[in-house]
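Enquirer: Sequence and predicted structure below; questions after.
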Amino acid sequence: MESENNPNYVGLIFLGIIKYLFASFFIFILLMLMNNNPGSGGSYRNMRKSCFSNIRLLNGAVEMYNMDNSAKINELNNSTIKILIDNKYLKKKLYCFDLPENEYKSKGDISKDGFIFCELHGNLDQSYKGKNSEEDDQKLFIEAKAKAKNEKMHNCFIFSFKIGLIVFILELIRIFSMTK
Ligand SMILES: [Zn+2]
């Protein structure tokens with residue numbers, strides 16, 4: 001019989017493809033399980049919290065500076081921030097969520113009853129509200145979380161596809177070496 005000497009390539013390659021799909025799927029599932037930290041959403045979870053801690057740092061720096069110096073800082077702007085940094089009351093210029101467009105500003109005389117605020121989150125006691133409500137922050141967090149999860153799935157998928165491809169190529173080599 002002819003078929004005993006000539007392996008059924010179509011069948012074997014089909015089997016190879018099945019093995020490939022199975023290997024890829026298995027590795028994908030394994031990767032997803034191993035790395036089951038759901039998309040964290042980065043620091044969006046604590047966006048408002050870290051914003052307020054920045055404001056507290058700025059308040060503290062201004063307060064300390066004003067205690068030590070007779071020429072008080074009355075408002076927050078680039079030149080007063082530079083004074084705070086140059087005199088080591090502040091390490092660096094702070095931005096809400098590290099985004100340069102989110103500068104901190106001040107309203108009123110901050111050596112007296114003025115306050116420092118963020119356009120997005122307002123001031124500490126919320127007598128001045130920012131543009132973002134807590135729901136907006138929550139929405140940003142959920143979006144970032146979903147995005148991180150998608151990226152993770154995508155990366156796992158690409159990786160398992162590559163591993164599966166290696167399995168498939170090895171299988172092809174095995175099939176064609178059977179003829180010799
Ligand atoms: Zn903020």
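Expert: Received the coordinates, thanks.

Enquirer: ok, and does the longest helix anywhere in the chain reach over to the ion?
Expert: Longest helix in the chain, counting residues (DSSP state H): helix 134-177. No. With C-beta under 5 Å from the ion as the criterion, the ion is not reached by helix 134-177; the gap is at least 9.0 Å. Heads up, the C-betas are built off the backbone N, CA and C, glycines and all.

Enquirer: what pLDDT, on average, does stretch 168-180 get?
Expert: On average, the pLDDT along stretch 168-180 is 81.

Enquirer: Tell me the spacing between V167 and N78.
Expert: Here the criterion is C-beta to C-beta, to the nearest Å. By it, V167 lies 59 Å from N78.

Enquirer: Tell me which of the two has more neighbours.
Expert: A count of neighbours by other C-beta atoms under 10 Å puts V167 above the other of V167 and N78, at 19 against 9.

Enquirer: For that one, which residues are in contact?
Expert: Residues counted as contacts of V167 (C-beta atoms under 8 Å, 6 or more residues apart in numbering) are 19-20, 23-24.

Enquirer: try 10 Å this time
Expert: V167 is in contact with 16, 19-24, 26-27, counting by C-beta atoms under 10 Å, 6 or more residues apart in numbering.
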